[in-house]
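Q: Could you work out the structure for the sequence below:
(one chain, ligands or ions: 1)
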Amino acid sequence: MMNRKISADLLFYKGKWKTGLAIEVSDQGKIIQISDDLTDCEFFAGALVPGWINAHCHLELSNLEGRIPPHTGMAGFIQKLATVRPKGTNGPTAIHSQLQKMYDRGIRGIGDISNDTSTFALKQKGAHPMRFFTFVELFGLDPNKAQYLVESGIKMSTALPSGEASVSWHAPYSMSAELIEKIGALATLNNQPLNLHLLESSEEVQLFSSGTGPLADFLKHIGITPLPDRFGKGDVLDFLLPLLPKGIPILLVHVTELQPAQLERLRNSGLNISYCLCPGANLYIHNKLPPADLFDPTRDRVMLGTDSLAGNWHLDILEEIKLLSKHFPTLSTETLMYWATQAGADFWGWQDLGEFEVGKQPGILGLTGLQNGRIYSDTQLTVLA
Ligand SMILES: [Zn+2]
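A: Next up is the predicted model:
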């Protein structure tokens with residue numbers, strides 16, 4: 001049993017870059033001490049950060065790398081996904097290998113979406129040294145099927161350890177109001193967080209504002225006629241906000257098309273809202289970035305996710321950070337580090353992850369190639385613990 005003591009040029013501690021600190025860890029990676037005593041230290045030439053939290057992933061699509069070309073748009077992506085999503089033979093192997101790659105790239109916790117049980121064995125306690133929370137995702141526009149859908153979601157979620165899954169929403173264009181409300185009521189009863197893909201594409205905005213466009217055409221194509229009367233009325237939030245439960249944590253994913261007035265409305269909604277940005281996936285599918293500089297790090301809870309390998313080039317939080325760092329120069333690296341680590345750990349209550357603190361076991365990542373504490377495209381990552 002040998003403890004290690006590691007220092008570096010910079011260390012991300014209590015939300016800030018700090019200098020002159022060393023972390024002592026057990027051989028299991030548990031933090032024993034953080035101090036300014038640098039005697040007998042290993043020194044890492046770069047920056048130390050805790051392990052990442054990938055707040056939005058669809059592990060079960062990890063065997064679809066490169067199967068859907070970039071820039072299909074939302075309707076194009078959904079249609080292509082339906083054709084390439086195999087009940088594949090190499091699925092479990094590819095998914096396990098991508099999970100291991102995420103671990104090797106420093107990810108220590110995953111907020112994952114499941115539409116089926118194909119990843120449940122991997123996410124069972126002890127099967128992999130990462131933390132998972134699974135949103136068992138439901139969709140369906142027929143209000144008469146809402147109860148049946150919720151019951152099947154509950155049945156599916158019971159296959160995962162209690163406290164590590166909730167029956168959750170998909171998107172405001174894919175669910176009946178009844179389904180949205182029933183899922184909200186269930187999560188409130190069980191005090192569980194919920195996930196919603198929101199304002200992901202201009203097609204979603206167009207569907208709600210005018211009732212037309214590629215998503216409208218897609219819905220008609222799959223037999224949703226007439227279209228539900230929520231479409232063509234205006235802002236999606238007019239439809240959505242009255243249906244969402246107050247109190248439980250709600251994670252709004254993507255928000256690529258979020259406008260300042262909508263953000264203000266969400267801030268004043270009385271809802272317990274957090275946001276997850278997936279810039280790589282937005283670029284891949286929509287050739288657009290989320291409005292990351294709209295958020296006020298002191299008011300808005302933001303985290304980062306990769307989304308799925310069907311709609312991104314990689315499952316790598318550092319690459320997501322690089323994208324935001326490059327395109328949003330006003331966002332500080334400290335903010336990005338916080339979004340990529342502690343924000344997600346706090347959302348799911350993963351008390352051992354997300355920050356350097358005595359007694360925690362968050363992983364220790366070494367970053368090189370920073371300039372003045374800022375991350376650039378040539379920043380490299382080494383897993384130190
Ligand atoms: Zn997603």
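Q: what are the ranges of the strands in the stretch 201-350 of the chain?
A: For the stretch 201-350 of the chain, the strands defined by DSSP state E, counting those that start in this stretch occupy 249-254, 272-277, 302-304.
Q: out of these, which comes closest to residue 46?
A: strand 302-304 (20.3 Å; Cβ to Cβ). Bear in mind the C-beta positions are built from the backbone N, C-alpha and C, glycine included.
Q: Same question for residue 37, what's its three-state structure.
A: coil (DSSP: H, G, I helix; E, B strand; the rest coil).
Q: pretty sure it is in contact with residue 22, am I right?
A: Yes: assessed by Cβ atoms under 8 Å, residue 37 is found in contact with residue 22 at 6.6 Å.
Q: Between these two, point out the one with more neighbours.
A: More neighbours surround residue 22 than the other of residue 37 and residue 22, with 22 against 13 (other Cβ atoms under 10 Å).
Q: how about the strands in the stretch 1-150 of the chain?
A: All strands of the stretch 1-150 of the chain, identified by DSSP E, counting those that start in this stretch, fall at 4-13, 16-18, 22-25, 31-35, 42-50, 52-57, 107-114, 131-137.
Q: Please identify the deepest-packed of those strands.
A: Greatest average neighbour count among those goes to strand 52-57 (a mean of 29), per mean count of other Cβ atoms under 10 Å.
Q: for it, what is the average pLDDT?
A: What strand 52-57 shows for mean pLDDT is 98.
Q: Compute the inter-axis angle for it and strand 249-254.
A: On the basis of axes from the mean of the first three to the mean of the last three Cα atoms, to 10 degrees, strand 52-57 is oriented at 80 degrees to strand 249-254.
Q: other SSEs contacting strand 52-57?
A: In this structure, strand 52-57 packs against strand 107-114, strand 249-254, strand 302-304, helix 317-327, helix 342-348, with contacts taken as 3 or more Cβ pairs under 8 Å, 6 or more residues apart in numbering; DSSP states H and E.
Q: Select, out of these, the one closest to residue 143.
A: With respect to residue 143, and counting by Cβ to Cβ, the nearest of the helices and strands packed on strand 52-57 is strand 249-254 at 21.6 Å.
Q: So what touches the closest one?
A: 55-56, 111, 193-200, 244, 266, 271-278, 281-282, 290, 303, 305, 307, 347 (Cβ atoms under 8 Å, 6 or more residues apart in numbering).
Q: Please name the residues that touch the residue nearest to residue 79 when sequence neighbours are not counted.
A: Using Cβ to Cβ, 6 or more residues apart in numbering and skipping residues adjacent in sequence, the residue nearest residue 79 is residue 218, 6.5 Å away. By Cβ under 8 Å, 6+ apart, the contact list for residue 218 reads 75, 78-79.
Q: Can you tell me which of those residues comes closest to residue 180?
A: For these, the nearest to residue 180 is residue 78 (18.9 Å; Cβ to Cβ).
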